[in-house]
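Peer 1: Return atomic coordinates for the entry below.
(chains A and B)
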Amino acid sequence: EAQVTQNPRYLITVTGKKLTVTCSQNMNHEYMSWYRQDPGLGLRQIYYSMNVEVTDKGDVPEGYKVSRKEKRNFPLILESPSPNQTSLYFCASSHGANEKLFFGSGTQLSVL
Amino acid sequence: SQQGEEDPQALSIQEGENATMNCSYKTSINNLQWYRQNSGRGLVHLILIRSNEREKHSGRLRVTLDTSKKSSSLLITASRAADTASYFCATFPGAGTALIFGKGTTLSVSS
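Peer 2: Numbers count the residues shown, from 1 in each chain, chains lettered A, B, ... in the order given. Modelled structure (predicted):
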């Protein structure tokens, strides 16, 4: 089944403790992206990747890192999480930046 | 950078009625897409309409695009309770850019 798999689904952590949210897709998509969704603000793009070893900042990249060493994986790294990074995070992939996106199920992150 | 803006923010209708949501955007686009999100789950792609298209249909969905007015509408005919969700428009301005989402319309369909 074609899908984007995100883990974990829920994560509670404390300020400053490094964490990684994993994202994997099985559709051989070149394009992958991370979004955060906050009430009243909609979806905002954090980082995106056009292909392996090619990543770029979205609208809200501060406090986040990504890597794209393999085509199927695009992990999101929070080196030192802060409470303002409490949010619902989505990974998405597609054949190209202008094509339809396939979304993961989301990761609800709470930073205390 | 907010590009698309949906209207209304919230819509409540009865089963069997039609639901219309609108999206306005600011700059020229390559394509416009509509997505549905059920209660905190991942977004699901509904339909993509390119800038040279005026109307597209998919089952009970009808999307129109008016590039002169920089607006699009999503019509859901004969709504069902299962259509209860948030609906987002997303615009793609062009090469070198990324898909930009609006804040969404929350649709409630009661039986």
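Peer 1: tell me which parts of chain B are close to chain A?
Peer 2: Residues of chain B lying close to chain A (CB under 8 Å from any CB of the partner chain) are B:1-2, B:30-31, B:33, B:35, B:40-45, B:48, B:88, B:90, B:92, B:97-104. (Glycine included, C-beta is placed from N, CA and C.)
Peer 1: just the residues of chain A that are near chain B, which are they?
Peer 2: Chain A has residues A:4, A:33, A:35, A:40-45, A:48, A:58-59, A:88, A:90, A:92, A:97-106, A:108 near chain B, with proximity defined as CB under 8 Å from any CB.
Peer 1: so where do the strands sit in chain A?
Peer 2: Here chain A has its strands, by DSSP state E, at A:4-7, A:10-13, A:19-25, A:31-38, A:42-51, A:54-57, A:65-66, A:76-78, A:87-94, A:102-103, A:107-111.
Peer 1: just checking, what packs against the last one?
Peer 2: Right, the one you point to is strand A:107-111. Counting contacts by 3 or more CB pairs under 8 Å, 6 or more residues apart in numbering or on different chains; DSSP states H and E, strand A:107-111 packs against strand A:10-13, strand A:19-25, strand A:87-94.
Peer 1: Now do the same contact list for residue 8.
Peer 2: Defaulting to chain A. A:21, A:107 (CB atoms under 8 Å, 6 or more residues apart in numbering or on different chains).
Peer 1: sorry, should have said chain B
Peer 2: Contacts of residue B:8 (CB under 8 Å, 6+ apart): B:21, B:105.
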